[in-house]
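**Q** need the 3D shape of this:
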Amino acid sequence: MQKAKEQKENNKKTTNQRRNVRKGFMFAQGITIIALVITIIILLILAGIVLNLALGNNGLFSMAKSAVEKYKISANEESELFEELDKNFIVGNNKLPGILLDVNK
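**A** Got it, this is the predicted structure:
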């Protein structure tokens, strides 16, 4: 009889231990799911910020386009300057090569 009581008590202990293990396992699974959801939310927020920085009004691509336009304008101005200098460049008799003369005088 005592053996039966001890065996019942042992069975109750093991059953309670199994329940606690299951609860802990379920709790651990819940934490990992929560961590996964939080991680996904943070990644979505960061992706939104990066897209805004890249594609916004003052974003990376619009700044690159304006830089290309400024480069083209300055390249045209520089080529016009060199053409003007070529017109005014005189290599003449008794003069050193490379002397620039002002044509307006």
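
**Q** please make it C-alpha for all contacts and neighbour counts, starting now.
**A** Fine.

**Q** can you show me the strands along the chain?
**A** 89-90, 99-100 (DSSP state E).

**Q** now the first one: average pLDDT?
**A** Along strand 89-90, the predicted local confidence has a mean pLDDT of 61.

**Q** ditto for stretch 40-47
**A** Rounded mean pLDDT across stretch 40-47 is 96.

**Q** before we move on, what about stretch 61-69?
**A** 91.

**Q** try stretch 6-24
**A** 66.

**Q** residue 59 contacts residue 52, doesn't it?
**A** Yes: at 6.9 Å, residue 59 and residue 52 qualify as touching, with contact defined as Cα atoms under 8 Å.

**Q** what touches both of the two?
**A** When Cα atoms under 8 Å, 6 or more residues apart in numbering defines a contact, no residue borders residue 59 and residue 52 alike.

**Q** can you tell me how far the nearest residue to residue 55 once chain neighbours are set aside is from residue 69?
**A** Nearest residue to residue 55, sequence neighbours excluded (Cα to Cα, 6 or more residues apart in numbering): residue 61, at 6.3 Å. Distance from residue 61 to residue 69, counting by Cα to Cα, to the nearest Å: 13 Å.

**Q** tell me the phi and psi of residue 59?
**A** phi -80, psi 180 (degrees, to the nearest 10).

**Q** report how many residues lie close to the closest residue to it other than its chain neighbours.
**A** With sequence-adjacent residues excluded and distances taken as Cα to Cα, 6+ apart, residue 59 is closest to residue 53, at 4.8 Å. Neighbour count of residue 53, defined by other Cα atoms under 10 Å: 14.
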